[in-house]
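*Asks:* Here's a sequence, model it:
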Amino acid sequence: MGAVTSSGTAVERAPKQDRSRATRRRLLEAAVSCLAERGWSGSTVSVVAERAGVSRGAAQHHFPTREDLFTAAVEYVAEERSTALRALRPRGRTEVVAALVDLYTGPLFRAALHLWVAASNEPQLGGRVTELEARVGRETHRIAVELLSADESHPGVRETVQGLLDMARGLGLANLLTDDGPRRERVVAQWAAILDGALG
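*Replies:* Numbering: from 1, shown residues only. Here you go, the predicted structure:
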């Protein structure tokens, strides 16, 4: 009988863990959406919980503080985007540049930007966001090097790749106020040509 009870408990535990993971994921996705749409001041745990369809208590069970919730949310989506980038098999440097630029023109970048602004004024958030952004930046740079087949042992290659990412971030900022699509396409094409010359 003990074995049956033990087995039954394990079976019960698995669905509970699945529900917990699903709730956590809904909260993280809702937090990113809220941050992108409402900014830091308009994004509270209660607002996120309501959007995710869970109670405030359930939200605080997963994320005890507001800072925990939003840093985890941006990190979660950054990891999702990194996974999507790693799965890309772009044909040619123009597609690589376009994919990297897309990183900075979607809701993730908008949410991250609100988090950066909040971190500059919220000491308890500043350290977390700085550490998160350093990690995300290193990962994005590494993926860019792989996608571009860039050899960073050659002088100037590392700086060229970093310049591409800095340019992409600048395009993302420009896109916050207006749809910068047509100009962005021309810049992407030009940067691809620059990379062909710089990387061989």
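
*Asks:* Helix, strand, or coil at residue 105?
*Replies:* Three-state call for residue 105 (DSSP: H, G, I helix; E, B strand; the rest coil): coil.

*Asks:* who's in contact with the closest residue in space to residue 40 that isn't next to it in sequence?
*Replies:* Spatial nearest neighbour of residue 40, excluding adjacent residues (CB to CB, 6 or more residues apart in numbering): residue 118 at 3.7 Å. (Glycine included, C-beta is placed from N, CA and C.) Counting by CB atoms under 8 Å, 6 or more residues apart in numbering, residue 118 touches 40, 70, 125, 129.

*Asks:* Can you tell me the centre-most residue of this protein?
*Replies:* residue 78 (2.1 Å; CA atoms, centre = their mean).

*Asks:* And that residue, how far from residue 54?
*Replies:* Separation of residue 78 from residue 54 (CB to CB, to the nearest Å) stands at 23 Å.

*Asks:* again with residue 65
*Replies:* Computed as CB to CB, the residue 65 to residue 54 distance reads 17 Å.

*Asks:* so what's residue 5 scoring on pLDDT?
*Replies:* On pLDDT, residue 5 comes in at 49.

*Asks:* The one 10 residues further on now?
*Replies:* Here the pLDDT value assigned to residue 15 is 74.

*Asks:* does it sit in a helix or strand, and which one?
*Replies:* Take DSSP states H and E as the rule and residue 15 turns out to sit in helix 2-38.

*Asks:* Next, the residues that contact the helix or strand harbouring residue 96 from outside, please.
*Replies:* Using DSSP H and E, residue 96 falls within helix 93-103. By CB under 8 Å, 6+ apart, the surrounding residues in contact with helix 93-103 are 81, 85, 88, 90, 109, 140, 144, 147-148, 164-165, 168, 171-172, 184, 188-189, 191-192, 195-196, 199.
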